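Engineer: coordinates for the following, if possible.
(one chain, ligands or ions: 2)
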Amino acid sequence: MSTDRPKIILDCDPGLDDAMAILVAVQHTDLLGITSVSGNAPLSATTRNALLVSQIADTDVEVHAGADRPLIIEPKHAAHVHGEGGLNGPTVPPLHRSPTSNDAVQFIVDTVRATDDVWLVPIGPLTNIALAFRQAPDIVAKVAGISLMGGSTGGGNVQPVAEFNIWADPHAAQIVFGSGAERIVMAGLNLTHQYTVDRDLAVRLAGIGTAVGTFAGEVIEACVEFSERMRGASTSPLHDPCAVLAVTHPQHFGSVKRHVDVSVSDITAGMTVVDERGYDDANANVEVLYEVDRDATIEVFVESVAAFS
Ligand code: RIB
Ligand code: CA
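Structural biologist: Numbering: from 1, shown residues only. Ligands and ions are numbered 1, 2, ... in the order given. Here you go, the predicted model:
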C-alpha cells in the first residue's frame, strides 16, 4: 500500500451510502480496518453488509463488529431508507466472510495506540468512537483527526433539526464533539446535500461493466428511487463518501472552524448546535464543511469504482 495515503479506520452502518464510502476508502486510503455499528440497521445487518461490500470489492481489509446499541437511548434504525436489512436495492452474492472480531472498540484502541496519524472516519452513529474514547482517553490526542458524516448547520433529516447519525446516539456524539481532539471535521447535511447523484450516474457506473460497477450503479439507483419517492426529487444526496473524501481530497472542500455542541434532550435531541455568530472562535472545536466541488469529487467517486477489476 502506498505510504502517502491517509491511514484511516472507517466506522460505519452500511447502509447504501456507507457502501459507496467503503469503495472510495479502499481505493484512496490506507484502510486499516472497517468497524460496524448499529445504525441504519441492527448491528448484525450492518456487520453483514460491511462484509458483503468488502467481499464484492475483493479487499482483505478486516471488519470488526462494534456496538449493538447506543450508549443510553434505545436503538433506532432507518429501514425506510435502507430497508430492513440495510442494503435494499442492489443484488448481492451469498456472503462467504465473517468479522475478524466482535470488539471494534478494542480494535480502534489497539490500532490507534500502535499506529501514528490514524484518522477515525465515522459515518454512522458515534457509539464505537465514544466507547473507544471512554475506554482509552489517551487515544484522543493520538489520532490525526476525526472526519465524520453527521449533523447539520441547518435542518435535519430524520427530525426537523436532527440528522440521523447524531440523533441515533446523541450522547455518543456529545462525547466525540467534546473530546478535545485536535481536528474534528464535520460533513453535515448542509454539505452532503451538495454532493448529489442521479440516474445518469447510476447508468454510468453500471456501464463500467464490472461487478463493483454494477453494484454501485444499483446502489445509486436505489438512492435516487428513495429520493423520488420521499421528496419527488430526481437527485439524491450521497452522504457518507464526503467524510472519506474530506480526508483524501481536502482541496475540494471548504470549511470554517465553529463551536459545535450536541443537544441530547427533548424536541432538539440529536441537533448539532453550530455557533455561526463568528466572534467566539477561541472555543471553536470543529472544522465545519460548507463547500464541496461536487463535480470533481463525483469524478473521484467514479474513478474509485472503475479502479476495481
Ligand atoms: O443522515 C445520513 C446518515 O444517516 C448517513 O450516514 C446514512 O448512512 C445514515 O447512516
Ligand atoms: Ca451511514
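
Engineer: contact partners of the host helix or strand of Ala132?
Structural biologist: Under the criterion of DSSP states H and E, Ala132 resides in helix 127-135. Contacting residues not belonging to helix 127-135 are listed as 11, 35, 37-38, 66-67, 69-71, 104-106, 108-109, 112, 120, 122, 139-140, 146, 169, 171-173, 175-176, 179 [Cβ atoms under 8 Å, 6 or more residues apart in numbering]. To be clear about C-beta, it is placed using only N, CA and C from the backbone, and glycine gets the same treatment.

Engineer: 6 Å - rerun?
Structural biologist: 11, 35, 37, 66-67, 70, 104-105, 108-109, 120, 122, 140, 169, 172, 175-176, 179 (Cβ atoms under 6 Å, 6 or more residues apart in numbering).

Engineer: gap between that helix and the chain center?
Structural biologist: From the chain centre to the centre of helix 127-135 is a distance of 16 Å (Cα atoms, centre = their mean, to the nearest Å).

Engineer: that one and ligand 2, are they touching?
Structural biologist: No: using Cβ under 5 Å from the ion, helix 127-135 stays clear of ligand 2, with a minimum separation of 12.4 Å.

Engineer: restricting to C-alpha, output that helix in CSV.
Structural biologist: What follows is helix 127-135 as a C-alpha-only set of coordinates in CSV (Å, rounded to 0.1, in the frame of the first residue of the first chain):
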residue,chain,number,x,y,z
THR,A,127,-21.2,4.9,19.6
ASN,A,128,-18.0,3.0,18.9
ILE,A,129,-15.9,6.2,18.8
ALA,A,130,-17.3,7.4,22.1
LEU,A,131,-16.8,4.0,23.8
ALA,A,132,-13.2,3.9,22.5
PHE,A,133,-12.5,7.4,23.9
ARG,A,134,-14.1,6.5,27.2
GLN,A,135,-12.1,3.2,27.4
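
Engineer: I'd like the next helix or strand past it.
Structural biologist: That would be, after helix 127-135 and using DSSP H and E, strand 145-149.

Engineer: what helices or strands is that next one leaning on?
Structural biologist: With contacts taken as 3 or more Cβ pairs under 6 Å, 6 or more residues apart in numbering; DSSP states H and E, strand 145-149 sits against strand 118-122, strand 184-187, helix 241-248.

Engineer: show me what it pairs with in its sheet, parallel or antiparallel.
Structural biologist: With DSSP bridges as the test, strand 145-149 is paired with strand 118-122 (parallel), strand 184-187 (parallel).

Engineer: so, in contact with ligand 1 or not, the helix or strand just after the last one?
Structural biologist: Meaning strand 184-187. Downstream of strand 184-187, the next assigned helix or strand under DSSP H and E is helix 189-192. No: for helix 189-192, no contact with ligand 1 is found by Cβ under 6 Å from any ligand atom; the gap never falls below 6.5 Å.
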